[in-house]
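S.K.: What shape does this take:
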Amino acid sequence: MEAFASKHEALTAYTSVEELLADSRVDVVFIASPNHLHAEHTRLAAKAGKHVLVEKPMATTVSDCVDMVKACKANGVKFGVGFQLRFHPGHVEASRLVREGALGEVALVQGLLGSGVRGEVQRELRTGLREWWETPDMVGNSRSMIGSGVHCLYDLEFILGQTVVEVAAITDGQTADAPLENLASLNLRFSGGAIGTMVCGSRMPDAMNDVTVYGSNGRVLLKNSSGPALGGSLEVTSEAVNTVVSYEPDHLALAKWQIEGFNQAISQDEEPRASGMDGLHSVQVTEAMIGSAKTGRTIGVEMIHV
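M.R.: The predicted model follows:
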């Protein structure tokens with residue numbers, strides 16, 4: 001294990017989760033295990049008194065999410081979810097502009113988040129250590145929404161300051177022959193009255209990561225800025241503000257700021273910018289997407305209080 005730790009420039013390495021959690025030097029754990037293990041690992045970490053930052057999706061079921069929030073509350077530890085776009089300066093600025101009324105009354109948002117390979121009609125299945133991504137109950141009964149769509153979803157909610165309350169979805173999956181989708185198109189209604197559309201998937205010819213917010217006095221376009229790395233641009237056209245800001249590509253910046261933000265939440269005893277309740281809600285919306293795609297009906301999403 002010492003050789004493994006040295007290879008990856010780590011202070012130490014462990015042979016099990018239990019060994020890691022028994023180390024008194026560890027104050028915080030970042031859980032990036034396969035999706036179906038997030039709940040178990042979070043409960044173990046909370047019981048050991050460790051603060052928890054968990055990769056999205058928070059868990060594969062809403063009931064597991066509720067248990068995770070309860071476990072962290074019961075053990076007095078902070079609980080955050082890896083929604084790194086909430087640390088992208090363009091998205092933070094867009095949220096501020098909406099909150100301060102620079103766009104007027106916001107009625108419509110659009111999100112597009114996806115990737116693909118030109119000429120590829122059938123997506124290549126994951127194998128080896130990533131094969132669990134092809135197993136519905138391990139991944140969370142969704143592929144594109146779980147893998148990329150949740151980034152767009154939580155970002156739209158963050159910018160608007162509203163939560164999704166209704167979902168109507170069409171996908172190319174959620175059937176007996178194709179239980180996991182590669183493309184998903186969602187119509188959304190938000191708690192403050194705005195409506196929106198969101199498309200995510202892995203069958204696009206190029207990476208597409210755009211968010212547009214339309215208000216009565218202008219619009220905001222976040223162009224190529226919704227991927228896992230810092231980059232893209234912010235374009236604001238309104239009665240009050242007209243500007244274009246570009247962001248130098250940096251593959252580590254968002255991850256760094258996310259960790260720094262979580263450390264700040266611990267040191268200042270405040271709620272993380274992306275909390276366990278935010279993660280729970282994103283899984284609720286994912287389950288609603290799955291239910292809508294299967295039934296052809298609009299599915300309501302009610303806020304859960306834990």
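
S.K.: in the stretch 151-300 of the chain, which spans are strands?
M.R.: 164-171, 183-190, 195-201, 208-215, 218-223, 233-238, 242-246, 299-300 (DSSP state E, counting those that start in this stretch).

S.K.: Give the pairing partners of the shortest one; include direction for each.
M.R.: Right, strand 299-300. strand 164-171 (antiparallel) (DSSP bridges).

S.K.: Pull out the buried positions in the strand it pairs with.
M.R.: 164-169, 171 (16 or more other CB atoms under 10 Å). In this view, the C-beta of every residue, glycine as well, is placed from N, C-alpha and C.

S.K.: As TSV, the strands of the stretch 151-300 of the chain with mean pLDDT and distance to R86 would be great.
M.R.: Converted to TSV, the strands of the stretch 151-300 of the chain look like this (pLDDT from 0 to 100; distance: least, CB to CB, whole Å):
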stretch	mean pLDDT	distance to R86
strand 164-171	98	16
strand 183-190	97	17
strand 195-201	95	17
strand 208-215	94	13
strand 218-223	96	13
strand 233-238	95	15
strand 242-246	96	17
strand 299-300	98	25
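
S.K.: Quick one: closest of those strands to D278.
M.R.: Closest to D278 of the strands of the stretch 151-300 of the chain, according to CB to CB: strand 164-171, at 11.7 Å.

S.K.: Which residues does that closest one contact?
M.R.: With CB atoms under 8 Å, 6 or more residues apart in numbering as the test, strand 164-171 has contacts from 144-145, 153, 156-157, 181, 183-191, 281, 285, 288-290, 292-293, 297-302.

S.K.: That one to strand 195-201, inter-axis angle?
M.R.: Orientation check (axes from the mean of the first three to the mean of the last three CA atoms, to 10 degrees): strand 164-171 against strand 195-201 gives 40 degrees.

S.K.: show me the contacts for V301.
M.R.: 163-167, 281, 284-285, 288.

S.K.: if we go to 6 Å?
M.R.: 164-165, 284-285, 288 (CB atoms under 6 Å, 6 or more residues apart in numbering).

S.K.: could the strands of the stretch 151-300 of the chain go into CSV alongside distance to A71?
M.R.: Formatted as CSV, the strands of the stretch 151-300 of the chain follow (distance: least, CB to CB, whole Å):
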stretch, distance to A71
strand 164-171, 25
strand 183-190, 30
strand 195-201, 30
strand 208-215, 33
strand 218-223, 35
strand 233-238, 38
strand 242-246, 41
strand 299-300, 27
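
S.K.: between those strands, which gets nearest to T127?
M.R.: Closest to T127 of the strands of the stretch 151-300 of the chain is strand 195-201 (CB to CB; 20.6 Å).

S.K.: so what strands line up beside the closest one?
M.R.: Sheet pairing for strand 195-201, using DSSP bridges, gives strand 106-114 (parallel), strand 183-190 (antiparallel).

S.K.: hmm, back to that, what's the closest of the contacts of V301 to D27?
M.R.: When those are compared for distance to D27 (CB to CB), Q284 comes out closest, at 30.0 Å.

S.K.: Let's have the contacts of V301 in CSV, adding distance to D269.
M.R.: CSV is the format used below for those (distance: CB to CB, whole Å):
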residue, distance to D269
V164, 29
V165, 31
Q284, 27
V285, 29
A288, 33
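
S.K.: out of these, which one sits closest to G114?
M.R.: Nearest to G114 among the contacts of V301, with distances taken as CB to CB, is V285, at 17.4 Å.

S.K.: show me the contacts for I290.
M.R.: Residues near I290 by CB under 6 Å, 6+ apart: 141-142, 174.

S.K.: Going by neighbour count, which of those residues comes out on top?
M.R.: Neighbour counts for the contacts of I290 (other CB atoms under 10 Å) peak at S142, which has 28 neighbours.

S.K.: Now that one: phi and psi?
M.R.: Phi and psi for S142, reported as degrees, to the nearest 10, are phi -160, psi 150.

S.K.: Tell me which residues touch it, please.
M.R.: 286, 290.

S.K.: Tell me the spacing between it and V164.
M.R.: 15 Å (CB to CB, to the nearest Å).

S.K.: among the strands of the stretch 151-300 of the chain, which is nearest V109?
M.R.: It is, among the strands of the stretch 151-300 of the chain and with distance given as CB to CB, strand 195-201, at 3.9 Å.

S.K.: The longest helix that the chain contains to strand 164-171, inter-axis angle?
M.R.: Longest helix in the chain, counting residues (DSSP state H): helix 276-295. Helix 276-295 runs at 40 degrees relative to strand 164-171, counting by the same axes, to 10 degrees.

S.K.: what about helix 276-295, distance to the chain center?
M.R.: Relative to the chain's own centre, helix 276-295 is displaced by 12 Å; criterion: CA atoms, centre = their mean, to the nearest Å.

S.K.: before we move on, the earlier item: JSON lines for the contacts of I290, including distance to K47 and pLDDT?
M.R.: As requested, the contacts of I290 are exported to JSON lines (distance: CB to CB, whole Å; pLDDT from 0 to 100):
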{"residue": "N141", "distance to K47": "27", "pLDDT": "96"}
{"residue": "S142", "distance to K47": "29", "pLDDT": "95"}
{"residue": "Q174", "distance to K47": "35", "pLDDT": "95"}
